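>>> Sequence below, structure please.
(chains A and B)
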Protein chains: 2
Amino acid sequence: MSFRHHIVSCNNYDPARVVPLFAGRDRVGLLRHDNAAALRRFSDVFAVADDRVNLVARGDVAAVSRAVDAVVDALVAEKQVPKWRNETFDVAPRWGAPAVFRLDRGAVPFFGTRAYGVHLNGYLRQSGSLHLWVGRRAPDKRVAPDKLDNIVAGGIGNGHGLQETLLKEGEEEASIPRNLTSDALPAGVVSYRMESEFGVRDDVLFVFDLEMPADFVPTNQDGEIAHFELMPASAVLDRVRTSDDFKFNVNLVILDFALRHGILRPDDLEYLDVATGLHRPLD
Amino acid sequence: MSFRHHIVSCNNYDPARVVPLFAGRDRVGLLRHDNAAALRRFSDVFAVADDRVNLVARGDVAAVSRAVDAVVDALVAEKQVPKWRNETFDVAPRWGAPAVFRLDRGAVPFFGTRAYGVHLNGYLRQSGSLHLWVGRRAPDKRVAPDKLDNIVAGGIGNGHGLQETLLKEGEEEASIPRNLTSDALPAGVVSYRMESEFGVRDDVLFVFDLEMPADFVPTNQDGEIAHFELMPASAVLDRVRTSDDFKFNVNLVILDFALRHGILRPDDLEYLDVATGLHRPLD
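Alright, predicted model coming up:
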C-alpha cells in the first residue's frame, strides 16, 4: 500500500471512455459512452452525437429539471441509475454560476456532473501532538459502509450553500453546536475525477479545519456514523498509507491535512506525489 | 488584475514549443525548439532529433557534468545562456533520485531541468490577525530586482539538501538563528512550469511556515534583501491581487499561505482557481 494508491484510485478517470455533456456552450457533465448511448431514445431532452451530448430540453430551471427527471425515472427503472435519493444537486458550468438544472444525487455519477462537498477535520492538540476525530460510517450507508470518515462531511445540496451545509452537517453528524462549527477555518479544496460503477465522479471537496475543545465528544444524530474515535494524527496517516479503512476520498482529505500541518514531511518518499496529487485542475 | 493572472503567468508553458531531453529512458529536461537546435553541433554530448534530445555523453556524474559544462561555456559565450552563477543544481529524473549530472544554475532554464527551491513564510499573530514578514529584493538581483519576496527563499543547490538550504538561507537572508528556523513546519509545495527568456522554468518550491517571535526583526546579511517589513496578511493578499509588486512565484506561495490559513475564503470568486492552480502535477 501507499499514499499514491489512494490518489490514483480517485483519479482513475480516462477521457477516452467519456463524451462531454453540453448545455449550450458550456460543458456541464461527462458521460461514459454506454451512458451516452442510453440517452439516445430521450431525443426531446438530449441530442446524442458520437463525440458529445447536448442538452436540448428548453425552458427555465424547473422545466429542464422536470424533463431530466423523467429520463432519470426511466433509467432508475432499468437500474442504470441507483434509486432516487430525493436530494438534488445544482448542475452548472462552474461553482457559483446559475444552475442549468437540478439533478437527483443518485443520478449525478451517471451524468458526470460536478458535485461539491464539504469535509471538516476536527482536531486537537493533546500531549503536544495533533489528534483527529475519526468517525466510522454506519453499516447501512449506501456509499462506503463501515469505512472511516472525517468527523463531518456532506454533499452540498441544492439551496443549502457551503456554510449552511457545514453547520447543518456538523449538528446532524456530530452534534457540534453551530457557533463552534462557525469557527472552522477554510483550508482549500481537494479535487479528483474518478470512474465509479455508474459513471464519473467529478468532485470538489471544500476542506475546513476546526480545533475541537478538549472536553467535547462528538455524538451522531442522523444514524450516518456508528461511532467516533479520537486518534493521533500520525496514526491516522499510517492507517491511510497501509489500508483502505478510510472512505476513498477521505484518504485525500487526510493527506491534505497531514501536509498542511507538517505531519507528512519532505523526507517522505511520497511527499511530492501527495503535494501535487490532491488538486485536480477544474477543466 | 486578479489572482488567476499570477497563476497563468507561472504556467504559460506550451508543450508545442519544446522537446523533451532524455537521459536513457528518463526525461530530465524540456528544451525549447531553438535551444534544442543550438545543441546540434555538440554531437558528442547531445543527439538532437526532431521530437527529442538524448544526452549521449558517457561516464560518471563528474564526467557528464564536465561534458555539459563545455557546452554551457560555448552557449554563454554566444549569450544563449546568461553568465555563470557558479552554483550547481542536481539534474535527476525525480526528487531524491541520483543525479545524472550537475548543471550551473544559470543554464537551468536553457535545458528546462527541474529546479527545487525552499520558501519560508515568516508569520505572527498581532492584535488577533495574521501578519507576514515581507522582504524587498535588492536592486542588483539578477532575477526580479526590487520585487517583494518571502522572508527567506532560495534554490536548493547541489550538495546542500532541503533542510540545510532552509537553515543556511534563514541565516544569510534574514539572520534567523538555526534553532528557530528548525521549528519551521513543512506545509507542502507550490509547483509550476513557465517559459522564461532563456527557456523553461520547471520549478518545485518546498513551502515552510515559521511563527516568528514578536520581538524578532529580520536583518539581511548577504545583500540580497534591501529591507524587511511586517504587513497584515490580508494586506499582502490584496497586494497580490492588485499588483505585480511581488516576485512572480512568490505570489503563488502567498496564495498557498492565504488558502491554508483561511485568509482567502470560499466566498471569493477566485477561490477554486487558486485552490486548484498552485500544484502542477510533476509529469
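
>>> which residues in chain A form helices?
Taking DSSP state H, the helices of chain A run over residues A:3-10, A:33-38, A:61-77, A:108-111, A:162-174, A:178-181, A:233-242, A:248-260, A:271-275.

>>> most packed of those?
helix A:108-111 (a mean of 27; mean count of other C-beta atoms under 10 Å in any protein chain shown). Any C-beta I mention is one placed from the backbone N, CA and C, and that applies to glycine too.

>>> helices or strands up against that helix?
strand A:26-32, strand A:199-211 (3 or more C-beta pairs under 8 Å, 6 or more residues apart in numbering or on different chains; DSSP states H and E).

>>> Centre of the chain to the last one, how far?
Averaging C-alpha positions (C-alpha atoms, centre = their mean, to the nearest Å) puts strand A:199-211 5 Å from its chain's average.

>>> Just checking: what are the partner strands of it?
strand A:114-126 (parallel), strand A:185-196 (antiparallel) (DSSP bridges).

>>> quick one: contacts of stretch A:238-246?
By C-beta atoms under 8 Å, 6 or more residues apart in numbering or on different chains, the list of residues contacting stretch A:238-246 from outside reads A:1-3, A:6, A:147-149, A:231, A:251, A:254-255, A:258.

>>> For the stretch 101-250 of chain A, give me the ranges with low pLDDT.
Flagging of the stretch 101-250 of chain A using pLDDT under 70 yields an empty set of residue ranges.

>>> Quick check: the residue of it nearest chain B.
As assessed by C-beta to the nearest C-beta, chain B sits closest to A:L185 within the stretch 101-250 of chain A, at 3.6 Å.

>>> residue contacts, that residue?
Contacts were defined as C-beta under 8 Å, 6+ apart; by that measure A:L185 touches A:208-210, B:261-262.

>>> how about the residues of the stretch 51-200 of chain A near chain B?
With C-beta under 8 Å from any C-beta of the partner chain as the criterion, the stretch 51-200 of chain A comes near chain B at residues A:94-96, A:162, A:185-189, A:191.

>>> Can you pick out the most distant pair from those residues?
Using C-beta to C-beta, the two most remote members of those are A:R94 and A:L185, lying 24.1 Å apart.

>>> can I get the helices and strands packed on helix A:108-111 in a markdown table with distance to A:G155 and mean neighbour count?
Written out in a markdown table, the entries for the helices and strands packed on helix A:108-111 read as follows (distance: least, C-beta to C-beta, whole Å; neighbours: other C-beta atoms under 10 Å in any protein chain shown):
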| stretch | distance to A:G155 | mean neighbour count |
| --- | --- | --- |
| strand A:26-32 | 16 | 22 |
| strand A:199-211 | 9 | 23 |
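
>>> Turn these into JSON lines, columns for distance to B:N220.
Listed next are these as JSON lines, based on distance: least, C-beta to C-beta, whole Å:
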{"stretch": "strand A:26-32", "distance to B:N220": "50"}
{"stretch": "strand A:199-211", "distance to B:N220": "34"}
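
>>> quick one: which of those strands is nearest B:G135?
strand A:199-211 (28.5 Å).

>>> separation between the residue of the stretch 101-250 of chain A closest to chain B and A:N86?
Spatial separation of A:L185 from A:N86 under the definition C-beta to C-beta, to the nearest Å is 32 Å.

>>> Spatially, and excluding backbone neighbours, which residue is closest to A:V236.
Taking C-beta to C-beta, 6 or more residues apart in numbering or on different chains as the measure, A:V236 lies nearest to A:L132, with 5.1 Å between them; neighbours along the chain are not counted.

>>> repeat for A:A153
In space, A:A153 comes closest to A:H119 once its chain neighbours are excluded; the distance is 4.5 Å by C-beta to C-beta, 6+ apart.

>>> what's the burial count for that neighbour?
The local packing count at A:H119 equals 26, with neighbours defined by other C-beta atoms under 10 Å in any protein chain shown.

>>> show me what contacts it?
When contacts are counted by C-beta under 8 Å, 6+ apart, A:H119 touches A:150, A:152-153, A:190, A:205-208, A:250, A:253.

>>> quick one on the thing from earlier: what's the PyMOL syntax to select whichever of the residues of the stretch 51-200 of chain A next to chain B are buried?
Buried subset of these, written as a PyMOL selection, criterion 16 or more other C-beta atoms under 10 Å in any protein chain shown:
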select buried, chain A and resi 95+162+186+187+188+189+191
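
>>> could I get the residues of the stretch 51-200 of chain A next to chain B as TSV with distance to B:T113?
Formatted as TSV, the entries for these read as follows, by distance: C-beta to C-beta, whole Å:
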residue	distance to B:T113
A:R94	36
A:W95	37
A:G96	39
A:L162	41
A:L185	38
A:P186	36
A:A187	33
A:G188	29
A:V189	31
A:S191	29
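
>>> Name the nearest of the residues of the stretch 51-200 of chain A next to chain B relative to B:D90.
Set against B:D90, the nearest of those by C-beta to C-beta is A:G188 (30.5 Å).

>>> ok, that closest one to A:V152 distance?
Noted for A:G188: a distance of 17 Å to A:V152, by C-beta to C-beta.

>>> ok, and the closest non-adjacent residue to A:H160?
On the basis of C-beta to C-beta, 6+ apart, the spatially nearest residue to A:H160 that is not a chain neighbour turns out to be A:K168, at 6.8 Å.

>>> repeat for A:E171
Going by C-beta to C-beta, 6+ apart, A:E171 has A:R178 as its nearest residue, at 6.5 Å.
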